[in-house]
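Okay, predicted coordinates and the sequence, questions at the end:
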Amino acid sequence: MRPKAIYYFILVLLVSVGLIACGGDTDDGTETPDKQTQPTTTSTESTQPDVVVGRDIDFAAEEQAIRDLYAEYALAHGDQDVDVLGNVWLRNEAKDVFTAWTFWAGTFEKNEGWKAVNKAWEGIFRLRGGKMEVDITYIAIDGRGKKSVLRGAYTWGNQKGDLISELNKDGNDWKIRSIDYTDGRFGKQVKDLIEPPHTFGEIPEE
């Protein structure tokens with residue numbers, strides 16, 4: 001009886017081990033997913049195409065519009081028409097809307113804000129007049145087609161000199177934001193654009 005009891009004990013032990021080894025299987029036949037097949041996180045790198053600056057801007061048309069604006073500006077001076085002059089300026093009271101000149105007995109003056117600019121021209125027109133001409137020597141337009149810097153030589157009556165001007169888009173129209181009639185002799189009143197995508201002429205060497 002002893003050997004037979006040992007035989008049954010070994011048989012029960014083998015059956016138990018076999019059941020334990022099969023215990024990982026589920027009743028519905030599904031398997032535990034392999035960790036190596038788990039989905040990984042997707043890359044957060046943008047797939048949007050790069051924006052090409054100035055791609056849809058007709059720079060030639062924008063440059064012509066700036067020239068037309070300055071032709072209107074010169075005509076308003078010749079006619080001493082403050083109302084027309086006001087139409088070509090950006091109507092903003094910020095300090096970066098200004099004129100800088102030495103028209104008052106050679107003294108440097110800076111008028112800030114659109115109302116001050118217009119009032120200053122009213123005063124100057126009482127003292128000076130004559131046809132104004134602006135020979136545009138340089139135009140730069142930024143990549144958004146919203147800002148421009150213009151340089152030129154002007155003649156107004158017996159006044160002559162070089163000017164630097166900034167223009168901004170106001171809706172669909174260009175407007176003058178600032179003019180320095182001293183060509184920067186009293187400090188850089190108008191900043192040049194850095195590497196503009198469109199230029200006419202060259203900045204003179206200082």
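In hand now; what should we look at? Numbers count the residues shown, from 1 in each chain.

Report the separation between the residue sitting nearest the centre point of the chain and residue 192.
The chain has residue 144 as the residue nearest its centroid, 5.7 Å off, counting by C-alpha atoms, centre = their mean. Using C-beta to C-beta, to the nearest Å, residue 144 is found at 16 Å from residue 192. (Each C-beta comes from the backbone N, C-alpha and C, glycine too.)

before we move on, what about residue 150?
Taking C-beta to C-beta, one finds residue 150 at 11 Å from residue 192.

Helix or strand: which one has the residue nearest to the centre of the chain?
Under the criterion DSSP states H and E, no helix or strand holds residue 144.

Dihedrals phi and psi, it?
Phi and psi for residue 144, reported as degrees, to the nearest 10, are phi -90, psi -10.

Could you count how many residues lie near residue 76?
20 (other C-beta atoms under 10 Å).

so what's it up against?
82, 84, 85, 88 (C-beta atoms under 8 Å, 6 or more residues apart in numbering).

Most neighbours among these, which one is it?
Counting neighbours by other C-beta under 10 Å, residue 85 leads the contacts of residue 76 with 21 neighbours.

Would you agree that residue is in contact with residue 75?
No: Residue 85 is beyond contact range of residue 75, at 9.5 Å (criterion: C-beta atoms under 8 Å).

which stretches of the chain have low pLDDT?
The chain contains residues with pLDDT under 70 at 1-55, 206.

Report the next helix or strand after the strand ranked longest in the chain in sequence order.
The residue-count maximum for a strand in the chain (DSSP state E) belongs to strand 159-170. Moving toward the C-terminus from strand 159-170, the next helix or strand (DSSP H and E) is strand 173-180.

Show me what counts as buried in that next one.
174, 175, 176, 177, 178, 179, 180 (16 or more other C-beta atoms under 10 Å).

Give me the distance between residue 123 and residue 82.
Applying C-beta to C-beta to residue 123 and residue 82 gives a distance of 10 Å.
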